[in-house]
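**Student:** quick one: sequence plus predicted model below, questions after.
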Amino acid sequence: MKRVAFHNLGCKVNSYELDIMRQKMEDFGYNSVPFEEEADVYVINTCTVTNIADRKSRQMIHKAKKLNPNAVVIAVGCYVETDPERVGTDKAIDLAIGNNKKAQIAELLEEFLEKIDSEKGEGRPEPGSGRSGINSAGNSADSSTGEGLRRRTMDGRTMTDLTHRPEYEDMQLEDPGHTRAYVKIQDGCNQFCTYCIIPYARGRIRSRRPGEILKEIQTIASKGIREVVLTGIHVSSYGLEWDSQTEAVRFDPHKSGAFLLDLMDQIRQIPGIERIRLSSLEPRIMTEAFVKGIAAMPEVCPHFHLSLQSGCNDTLRRMNRHYTTEQFMESVELLRRYYEDPAITTDVIVGFPGESNAEFEETVRFLEKVNFYEMHVFKYSVRKGTAAAAMPVQIPEPVKGVRSDILLEMTQRQSEAFRLGFLGKREEILLEEKAQMPFGLCWRGHTKRYVEGYIPCEGDACAEFQEGQLISGTFTSAAEGAEGLLFVPDDKAQSR
């Protein structure tokens with residue numbers, strides 16, 4: 001059986017799409033093996049969010065070719081979209097596939113191999129069989145970047161123009177292989193933040209039709225999945241392009257909020273689905289109608305990731321973030337009005353070009369005021385091709401490091417206080433896996449607010465539980481050497 005190995009870089013959307021590509025390749029008769037093993041085909045699902053991500057993508061492409069020089073190395077995704085010049089001249093890449101063709105990976109590979117056979121004028125060898133003509137036939141004749149890219153994309157058939165309202169490429173995941181299933185509902189972004197390359201890598205917004213989403217969730221629910229996470233590149237834009245007559249679709253939180261509410265209302269009626277979690281959201285989506293609507297659905301987890309990036313309005317303007325800190329705070333207050341102790345998390349960039357000490361101090365004060373459950377803190381990284389890369393007053397790395405340390409200390413303190421607030425309270429956790437923790441063997445899971453809980457167990461006691469089980473109980477104490485809390489279940493009759 002032919003062997004295929006995968007490596008994923010980047011976001012949850014990429015992870016979902018990798019699962020789809022693995023499924024497609026296995027359907028075509030390939031056996032998935034670990035990336036470190038010798039394979040006939042290597043698939044690298046690339047990321048381009050920073051210059052570092054680009055470099056890591058290239059490193060994994062070259063590593064794959066070193067692992068087996070006779071293998072077919074396929075570069076897929078965002079790096080392919082944003083750096084065609086390098087892709088066109090990189091001899092480690094045999095086949096390059098864009099973001100809107102991932103579901104066709106197996107068919108495109110077959111077409112590529114047939115094309116190589118035709119050029120060689122002989123029967124097709126099995127990839128990795130020791131006949132090294134695949135790579136040489138595909139790449140040695142490149143006379144220019146354009147020629148190399150043409151060959152690696154099979155005259156452009158592996159790519160789609162993402163700048164002019166492309167159609168959503170539907171994918172149906174049949175077995176996520178996890179307790180919590182990510183379900184992609186949207187692709188693309190129209191926001192054009194000055195630090196971000198993703199609108200160029202992913203293209204304009206496009207939304208998945210509800211029928212296709214419901215079909216996928218029904219399939220995975222029938223296999224025991226009880227929690228789904230609705231994900232995308234800009235989930236808050238869901239459905240906005242459907243009735244738009246122009247390519248310049250403007251953000252409308254009332255319209256997209258209505259589409260999301262309707263979708264979630266249908267999802268929660270699927271037998272077996274007991275939790276719906278939303279991935280990163282635009283703060284402006286939190287209108288009163290939207291928050292009131294989700295609060296009326298008990299299946300929607302009170303865990304909301306509102307991407308902030310800075311707590312200073314001047315910095316937000318340079319970032320082209322389209323909202324103020326005052327508007328952000330209104331969204332937070334709405335959530336806290338309708339939910340008891342909602343888990344609100346965010347992203348923050350430190351050291352954005354022009355961020356003065358005064359601007360950073362303003363951010364610190366705002367973050368203390370909001371009091372997030374968790375903050376993901378990033379030091380600004382220059383991304384070639386973005387407006388921010390050309391901005392004056394680039395912040396030195398040591399300054400970024402100091403600012404990052406300040407916010408990391410803050411989020412550790414805030415996060416611990418949020419978790420400890422649940423001590424003595426009855427909660428329900430979804431068991432995900434057995435894990436060896438510093439305090440011993442346990443079952444690990446999360447509440448709806450994404451507080452991690454541990455049920456210590458040994459021997460036969462561990463066998464009483466199983467992955468995907470919902471367990472009611474009480475948090476009793478902080479867990480030694482871990483960020484979660486120890487959890488004592490009620491009687492087994494309370495579990496389901």
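**Tutor:** Yes, it's here. Residues are numbered from 1 along each chain as shown.

**Student:** Ser280 contacts Ser237, correct?
**Tutor:** No. The criterion here is Cβ atoms under 8 Å, and Ser280 misses it with Ser237 at 11.9 Å. Where C-beta positions appear, they are placed from N, C-alpha and C, glycine not excepted.

**Student:** between these two, who's got more neighbours?
**Tutor:** Between Ser280 and Ser237, Ser237 has the larger neighbour count (other Cβ atoms under 10 Å), namely 30 against 20.

**Student:** and the nearest residue to the more buried one once chain neighbours are set aside, how far from Pro298?
**Tutor:** The spatial neighbour of Ser237 that comes closest, neighbours along the chain excluded (Cβ to Cβ, 6 or more residues apart in numbering), is Ile205 at 4.6 Å. Between Ile205 and Pro298 the distance is 30 Å, computed by Cβ to Cβ, to the nearest Å.

**Student:** who has more neighbours, the two?
**Tutor:** Taking other Cβ under 10 Å, Ile205 and Pro298 do not tie; Ile205 has more neighbours (27 against 12).

**Student:** so in the protein, which helix runs the longest?
**Tutor:** Counting residues, the longest helix found in the chain (DSSP state H) is helix 397-420.

**Student:** which residues sit against the helix or strand following that helix?
**Tutor:** Per DSSP states H and E, helix 397-420 leads on to strand 426-437 as the next helix or strand towards the C-terminus. Contacting residues not belonging to strand 426-437 are listed as 178-180, 226-227, 275, 441-448, 451, 453-455, 462, 465-475, 479, 481-482, 487, 490 [Cβ atoms under 8 Å, 6 or more residues apart in numbering].

**Student:** okay, the angle between the helix or strand following strand 426-437 and strand 426-437?
**Tutor:** Scanning forward in sequence from strand 426-437 by DSSP H and E, the next helix or strand is strand 440-446. Put simply, strand 440-446 runs at 140 degrees to strand 426-437, going by axes from the mean of the first three to the mean of the last three Cα atoms, to 10 degrees.

**Student:** strand 440-446 pairs with which strands?
**Tutor:** Strand 440-446 has the following sheet partners, assigned by DSSP bridges: strand 426-437 (antiparallel), strand 452-456 (antiparallel).

**Student:** for Asn31, which of those is the nearest?
**Tutor:** Closest to Asn31 of those is strand 426-437 (Cβ to Cβ; 24.5 Å).

**Student:** so Thr82 versus Gly203, what's the distance?
**Tutor:** 11 Å.

**Student:** comparing these two, which residue is more hemmed in?
**Tutor:** Gly203 (24 against 21).

**Student:** wait, what's in contact with the more buried one?
**Tutor:** Counting by Cβ under 8 Å, 6+ apart, Gly203 touches 99-100, 160, 162-163, 166, 187-188.

**Student:** Met171 versus the closest residue in space to Gly272 that isn't next to it in sequence, what's the distance?
**Tutor:** Leaving aside its chain neighbours, Gly272 sits nearest to Ala221 (3.8 Å; criterion: Cβ to Cβ, 6+ apart). Applying Cβ to Cβ, the value for Ala221 to Met171 is 17 Å.

**Student:** just give the number of residues close to Pro392.
**Tutor:** 6.

**Student:** any idea of the pLDDT on it?
**Tutor:** pLDDT, Pro392: 94.
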